[in-house]
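Enquirer: Sequence first, predicted coordinates after that:
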Amino acid sequence: MTEIESRYHWLLMRRAIDRLDQGRDLSLEDIAAEMDLSPAHFQRLFSRWAGVSPKRFQQFLTLGHAKRLLDERHTLLDVAGQTGLSGTSRLHDLFLRWEAMSPGDYARKGEGLTIRYAYADGPFGRMLGMATERGLAGLAFTEEDGDTVAYDDLSARWPSATYLQDEAALAPHFAALHGTGEHRLHLMGGPFQIKVWEALLAIPEGHVTTYAEIARAIGHPKAHRAVGTAVGRNPISWLIPCHRALRQTGALGGYHWGLPVKRALLADEAARTGF
């Protein structure tokens, strides 16, 4: 497949997922017509891209699916950690290594730090990536609010850093999102936030947990709201899977980069893990 064909298919599937999310009673004929394809062609193309039929993917986008995940694939974080489930099976066998910014660097708000950034298209929409020499430090989805809002959001977290747009520096990080191998993360947050993000890394692909479960796992069982805030402040979307955190009721809760992206992320994982 050529780069032009791949780009065309990505844009088409992005449109299809958006429509399936907006109108969950769409028939195959309806969605195919909106994509200007025959039903058979659209079905083949979508199934090749997503691994499941449009109808099945549509089912994964519903609140009912989130509730089933919570009932049937709810991760007990302490068990997940003890059995080695964290980190190795997620995102096409991508292996994550991470380190946290030192307390001193965090207190200086990035002073003396050079952060390089770039934009790229991905399977869940346009992304903004930021990286230090130690690893990926930020990954945002920009479809919901635009490039400028995403940049302002991430850069405001480390206001004293120097920012340089550098496509070449971010290219290996973006490439790793679609392949296998090791990916280094450089987490920039306070001690409580780091604990929450570390707990998120223990959730296996295709599973979910709750804010209350995360609070218990980090030793602050009453800090549900603080956990929710820390989850929302996760600077490295997708790789640190804050999309796997749900409310106790099975409701999706919020998502910093837009609920359509959260639903698409969960649906994609469900399709790839066979749930």
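Expert: Everything's here; your move.

Enquirer: And the one helix or strand Ala140 maps to, how far out from the chain middle?
Expert: With secondary structure defined by DSSP states H and E, Ala140 is part of strand 135-141. If you compare the mean C-alpha spot of strand 135-141 with that of the full chain, they lie 10 Å apart, counting by CA atoms, centre = their mean, to the nearest Å.

Enquirer: which element follows it toward the C-terminus?
Expert: Following strand 135-141 in sequence order, the next helix or strand is helix 147-155 (DSSP H and E).

Enquirer: How about the contacts made by Lys195?
Expert: With contacts taken as CB atoms under 8 Å, 6 or more residues apart in numbering, Lys195 has the following neighbours: Ile218. Just so you know, the C-beta spots here come from the backbone N, C-alpha and C atoms, and that holds for glycine as well.

Enquirer: how far away is it from Val227?
Expert: 9 Å (CB to CB, to the nearest Å).

Enquirer: which neighbours do the two share?
Expert: Common neighbours of Lys195 and Val227, using CB under 8 Å, 6+ apart, are Ile218.

Enquirer: who does Thr210 bridge with?
Expert: According to DSSP bridges, the residues that bridge with Thr210 are Leu246.

Enquirer: where do the strands sit along the chain?
Expert: Per DSSP state E, the chain has strands spanning 94-100, 114-122, 125-132, 135-141, 162-165, 181-187, 209-210, 245-246. These are given in chain order.

Enquirer: Out of those, the one nearest Val261 is which?
Expert: Proximity to Val261 (CB to CB) singles out strand 135-141 among the strands of the chain, at 5.0 Å.

Enquirer: Output the contacting helices and strands for the closest one.
Expert: Secondary-structure packing of strand 135-141 (3 or more CB pairs under 8 Å, 6 or more residues apart in numbering; DSSP states H and E): strand 94-100, strand 114-122, strand 125-132, helix 147-155, strand 181-187.
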